[in-house]
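Colleague: Sharing a sequence plus its predicted fold:
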Protein chains: 2
Amino acid sequence: MCTVSKSQIKREALVKATVNLVNNNGFHAAPMSKIAKMANVSPGTIYLYYKNKQDLINQVYIEVKTAFTKFAFKDYEENFSVEKGFKNIWKNLAEFKLKEVEEAMFLSQCDNTPMIDEPSRKEGLKHLQPLLDLWERGQKEGIIKPVSPYMLYAFSIYPIAFLMNMQQRELIKLTPAHVNDAYEMAWSSIKI
Amino acid sequence: MCTVSKSQIKREALVKATVNLVNNNGFHAAPMSKIAKMANVSPGTIYLYYKNKQDLINQVYIEVKTAFTKFAFKDYEENFSVEKGFKNIWKNLAEFKLKEVEEAMFLSQCDNTPMIDEPSRKEGLKHLQPLLDLWERGQKEGIIKPVSPYMLYAFSIYPIAFLMNMQQRELIKLTPAHVNDAYEMAWSSIKI
DNA sequence: CAAAAATAAATGAACGTTCATTCATAATTA
DNA sequence: TAATTATGAATGAACGTTCATTTATTTTTG
């Protein structure tokens, strides 16, 4: 038997509602009243959990980002070879982005707008360290191109968000074969 | 002597103001009143040029996107080799994204939010055709990986936006050497 | 070529609506 | 029942948009 506090349930409902509304209409069309209604909560209740709308968005961002990065490393082990480790993490990231579309779209929107404040952005990046460590190891081993992690991220991870976007807009349909192609492109851009 | 109509000047001022405000605060914090003030125009005047706020955003998007793609092909010739042609276009895109930061940030925001409606998105893509043609030729010649243009775009072009974002947030500083590294990564991800 | 008339462009105060936020009250819990 | 949690109507600020009016430009007239 597992107990979850009532307030935790409300928080989760609020997170879900916020993600959903911001996702489909953008920040500017996700009023607190609608978020409250969708979460089956009164508008006033939101302010028991969050200081204001900005705080709500920031916290939701951090929560979703944390879930995202947790998922990325769920079965990762530090003694993996660089190539195997990268493949493992990359596939997880892709799986998340293509299956948890709601969350992923929300993150993509947050990461490309001034919606989130800088401290929360920093906070959201915390859990990415294992990937950075892996890349550093790869560079020491002469396997990974000797460029900044931002560059590695830009070419191997960031593109997944684009593909997800295109799939969401029904401009492409990503089969497992396509995902494999994408992985090969990611790897070939960062390997020496 | 070159004559520019007064209304064109106003339009340009409005475009500039819209880009600037949406850029720094997001769509939700770019009220018509502020846009008007920044463009030295009365709020009412905006509605002589644009049907409503959505229409303003859509049109500004198309205008900026067109400028962006025009810049991409400014010195491109169809008889270039695939590799030379791609390098040419890529460098132009990078130059635009890193020099016309305001416009580029605005586009990045538009492309990752539900801010712009679908018809305007389609319109904005129109002028990218030469790049798609080049890729197709490259695929026929066995130089470019046989994957969809969306995939090629995701891995070779889209990453530039990420790097631009990071530079804007002062997390990296892109020297010409870095831009070259980035180009090599873009090319290695799409070449066979 | 002035002066007058007509048209067009631009204004900004005002309107109705929507929003984030508050708070007096109610429900729940322990 | 005292304390905690939740409610939702109320509030005032801010928003997009309108429109009666003013200002600028063009056309017509004598």
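Modeller: Nice, I can see it.

Colleague: When you work out contacts or count neighbours from here on, use the C-alpha atoms and nothing else.
Modeller: Will do.

Colleague: Could you tell me how far A:Thr113 is located from DNA strand D?
Modeller: 17 Å (Cα to the nearest atom of the strand, to the nearest Å).

Colleague: and that residue, what is it in contact with?
Modeller: A:Thr113 makes contact with B:Asn23, B:Gly26, B:Gln109, according to Cα atoms under 8 Å, 6 or more residues apart in numbering or on different chains.

Colleague: Just the closest of the residues you listed to DNA strand C, please.
Modeller: B:Gly26 (13.6 Å; Cα to the nearest atom of the strand).

Colleague: before we move on, back to that, which of the contacts of A:Thr113 are close to DNA strand C?
Modeller: With Cα under 7 Å from any atom of the strand as the criterion, those include none near DNA strand C.

Colleague: Need the residues you listed in a markdown table (columns: distance to chain A).
Modeller: A markdown table is the format used below for the contacts of A:Thr113 (distance: Cα to the nearest Cα, whole Å):
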| residue | distance to chain A |
| --- | --- |
| B:Asn23 | 8 |
| B:Gly26 | 6 |
| B:Gln109 | 5 |
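
Colleague: how about a markdown table for those, with neighbour count added?
Modeller: Putting the contacts of A:Thr113 into a markdown table (neighbours: other Cα atoms under 10 Å in any protein chain shown) gives the following:
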| residue | neighbour count |
| --- | --- |
| B:Asn23 | 24 |
| B:Gly26 | 22 |
| B:Gln109 | 25 |
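
Colleague: Closest to DNA strand D out of those?
Modeller: B:Gly26 (10.8 Å).

Colleague: Please give me every residue in contact with the closest one.
Modeller: Residues in contact with B:Gly26, defined by Cα under 8 Å, 6+ apart, are A:Thr113, A:Pro114, A:Met115.

Colleague: again, 10 Å this time
Modeller: By Cα atoms under 10 Å, 6 or more residues apart in numbering or on different chains, the residues touching B:Gly26 are A:Phe27, A:His28, A:Asn112, A:Thr113, A:Pro114, A:Met115, B:Val19, B:Asn20, B:Phe106, B:Gln109, B:Cys110, B:Met115.

Colleague: what's the answer for A:Met105, then?
Modeller: A:19-20, A:22-24, A:97-98, A:111, A:161-162, A:164-165, A:168, B:112-113 are the contacts of A:Met105 under Cα under 10 Å, 6+ apart.

Colleague: Can you say which helix or strand has the closest residue to A:Ile116 other than its chain neighbours in it?
Modeller: The shortest distance from A:Ile116 to any non-neighbouring residue, by Cα to Cα, 6 or more residues apart in numbering or on different chains, is to A:Asn58 (5.7 Å). Assigned by DSSP states H and E, A:Asn58 belongs to helix A:53-72.

Colleague: Which secondary structure elements does that helix sit against?
Modeller: Judged by 3 or more Cα pairs under 10 Å, 6 or more residues apart in numbering or on different chains; DSSP states H and E, helix A:53-72 is in contact with helix A:6-25, helix A:43-49, helix A:82-99, helix A:101-111, helix A:118-125, helix A:129-140.

Colleague: how about TSV for those, with mean pLDDT and distance to B:Ala182 added?
Modeller: TSV is the format used below for these (pLDDT from 0 to 100; distance: least, Cα to Cα, whole Å):
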stretch	mean pLDDT	distance to B:Ala182
helix A:6-25	89	31
helix A:43-49	94	43
helix A:82-99	97	20
helix A:101-111	96	21
helix A:118-125	94	22
helix A:129-140	98	16
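
Colleague: any idea how far whatever residue of chain A ends up closest to DNA strand C lies from A:Asn52?
Modeller: Per Cα to the nearest atom of the strand, A:Pro31 is where chain A lies closest to DNA strand C, at 3.1 Å. Per Cα to Cα, to the nearest Å, A:Pro31 is found 12 Å from A:Asn52.

Colleague: how about JSON lines for the helices and strands packed on helix A:53-72, with distance to A:Trp187 added?
Modeller: Formatted as JSON lines, the helices and strands packed on helix A:53-72 follow (distance: least, Cα to Cα, whole Å):
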{"stretch": "helix A:6-25", "distance to A:Trp187": "30"}
{"stretch": "helix A:43-49", "distance to A:Trp187": "42"}
{"stretch": "helix A:82-99", "distance to A:Trp187": "8"}
{"stretch": "helix A:101-111", "distance to A:Trp187": "21"}
{"stretch": "helix A:118-125", "distance to A:Trp187": "22"}
{"stretch": "helix A:129-140", "distance to A:Trp187": "12"}
